[in-house]
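A.B. asks: just coords:
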């Protein structure tokens, strides 16, 4: 079994513990800041679990650049939501520190190298990617939130967003044509 495959296996089996360690580090780092930024909905444990899932996938297929691209996408998504762009970097640092502390030394190098590559990419100015979404438009804003949930693997949150929109008075046909379809196109 390759080093990457072993590392992926360890990460997958210990994901919850590493995510818990990373989320505690993140919460400590941001003590008092969450409330100011209105980040109550942001669950750092879920965030860390998603990053670990991304990392496992990249290790399994030996494509570390996909993890880097996902980190860059996340930074752009935070920026699009008006959140500080350094939060994804802080989250990755918290995860990296948790992994560096407890990951078996024989496989740590492969894992930490991927995270370090993503951190280095986040140190560079973000390339602006044009989008058709106008976040001041109610439907575009919903579409962007829906897309973020989908890309973060949070299907239940995306479904809840759509159900809440319909229950809040948006016609189902508008949800389909002005939220879901534009999100899929994007």
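C.D. replies: Perfect, thanks for sending it. Remember, predicted model here, so these are calculated numbers, not experimental data.

A.B. asks: Is residue 104 in contact with residue 10, as I believe?
C.D. replies: Yes: counting by C-beta atoms under 8 Å, residue 10 is a contact partner of residue 104 at 6.3 Å. Quick note: C-beta positions are derived from backbone N, CA and C, even for glycine.

A.B. asks: Neighbour count: these two, which is higher?
C.D. replies: residue 10 (20 against 11; other C-beta atoms under 10 Å).

A.B. asks: Next, the contact list for that one, please.
C.D. replies: By C-beta atoms under 8 Å, 6 or more residues apart in numbering, the contact set of residue 10 is 103, 104, 107.

A.B. asks: what's the closest of the residues you listed to residue 183?
C.D. replies: residue 103 (35.6 Å; C-beta to C-beta).

A.B. asks: For that closest one, list the residues it contacts.
C.D. replies: 7, 10, 18, 111, 112.

A.B. asks: which of the residues you listed tops the neighbour count?
C.D. replies: The residue in those with the most neighbours, by other C-beta under 10 Å, is residue 111 (28 neighbours).

A.B. asks: Checking residue 153 next. Helix, strand or coil?
C.D. replies: Following DSSP: H, G, I helix; E, B strand; the rest coil, residue 153 is assigned to coil.

A.B. asks: what's it in contact with, if anything?
C.D. replies: Per C-beta under 8 Å, 6+ apart, neighbours of residue 153: 50, 53.

A.B. asks: Perfect, I'm done here.
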